[in-house]
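> what's the 3D shape of this:
(one chain, ligands or ions: 1)
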Amino acid sequence: MKCKLCHEDKPLVKSHIIPEFCYSEAYDSLHRLNELSTDPEVADKCFRQKGVRQRLLCVDCEQLFSRAEKYFRETLYQELERRLPDVPPTLHLSSLDYCRLRMFQLSVLWRAAVSDTEFFENVTLPAQDEANIRAIILSEHMDEPHVYPCVMVGLLTGEPGVPTMDGFLLKPERLESMNTTRYRFIFGGYAWFYILTTDESSIAHPELIVTKDGRLTVPVKIAKDMEFFQRLGADINK
Ligand SMILES: [Zn+2]
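Numbers count the residues shown, from 1 in each chain. Down below sits the predicted model:
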């Protein structure tokens, strides 16, 4: 079968789109967020089962993504947990590996886009953008920060016992605003806002994208205070 990344005819392996370790933690208090609604549509949107896997990639391409996942796991994953109990309202990170972080960010977006599973159905890239991102990933040359950037927002539950949201996943959504398409993913303790642009001037918050010298500013939010979680949990107080 043809590998979606290298386009070579090779045996394909079943792989995750969102890293497997992001599915591994399901805390009780997060279930409240997950299951707070009696609305079946909301329950549908929430996802915390064993992850979605699909045959997309050959072993070699899968390795490329495994290395990127490993980097995320060793750096930003559970960063909020490490800052407890006093997580600052904004994380100012430095010494990140620009290429590896960007590779991870783009690899999740690209895999979600080429997947045909229902969970990722809202992530559809125009053919040219898909081809561009595929080329960036294949070259392992991550280009400029404003080329398909991603803004990350750290998420806390606001609950005293289990404050971080590492085990929480939400079906990605496509957002349109000011002629710009964004995709919002929730996994690994962060909200990830991918901006479908290569134009620096169309990025509303350029200060929130990773710099080539490895600096990254991450706002930290209480999930329940964020508008989309409020919609999700509209009936929490019923
Ligand atoms: Zn391949």
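
> in three-state terms, how would the nearest residue to residue 114 once chain neighbours are set aside be classified?
Nearest non-adjacent residue to residue 114, counting by Cβ to Cβ, 6 or more residues apart in numbering: residue 4, 4.8 Å away. Just so you know, the C-beta spots here come from the backbone N, C-alpha and C atoms, and that holds for glycine as well. When classified by DSSP: H, G, I helix; E, B strand; the rest coil, residue 4 comes out as coil.

> same check on residue 224?
Residue 224 ends up helix, using three-state DSSP.

> from residue 131, how far out is it?
39 Å (Cβ to Cβ, to the nearest Å).

> neighbour-wise, which of those two wins?
residue 224 (18 against 11; other Cβ atoms under 10 Å).

> if we can go back for a sec, ok, the residue nearest to residue 114 - how many residues close by?
20.

> with residue 148 instead?
Neighbours of residue 148 under the rule other Cβ under 10 Å: 23.

> now residue 175
For residue 175, the tally of surrounding residues (other Cβ under 10 Å) stands at 14.

> then residue 193?
19.

> which SSE is it in?
If you go by DSSP states H and E, residue 193 is part of strand 190-195.

> quick check: mean pLDDT of that strand?
Mean per-residue pLDDT for strand 190-195: 96.

> neighbouring strands of that strand in the sheet, and parallel or not?
strand 150-156 (antiparallel), strand 180-187 (antiparallel) (DSSP bridges).

> show residues contacting the last one.
Right, the one you point to is strand 180-187. Residues from elsewhere that reach strand 180-187 (Cβ atoms under 8 Å, 6 or more residues apart in numbering): 18, 22, 108-109, 112, 122-123, 155, 165, 168-170, 172-176, 191-197, 202, 228.

> and with 7 Å instead?
18, 22, 108-109, 123, 168-170, 172-175, 191-197, 202 (Cβ atoms under 7 Å, 6 or more residues apart in numbering).

> and what of stretch 97-112?
17-18, 56, 65, 68-69, 71-72, 120, 123, 133-134, 136-137, 140, 142, 148, 150, 172, 183, 185, 194, 210, 212, 214.

> show the residue spans covered by the strands in the protein.
12-16, 53-58, 90-93, 150-156, 170-177, 180-187, 190-195, 216-222 (DSSP state E).

> okay, residue 163: pLDDT?
83.

> err, residue 160, not the other one
77.

> for the ion, see how far away it is.
46 Å (Cβ to the ion, to the nearest Å).
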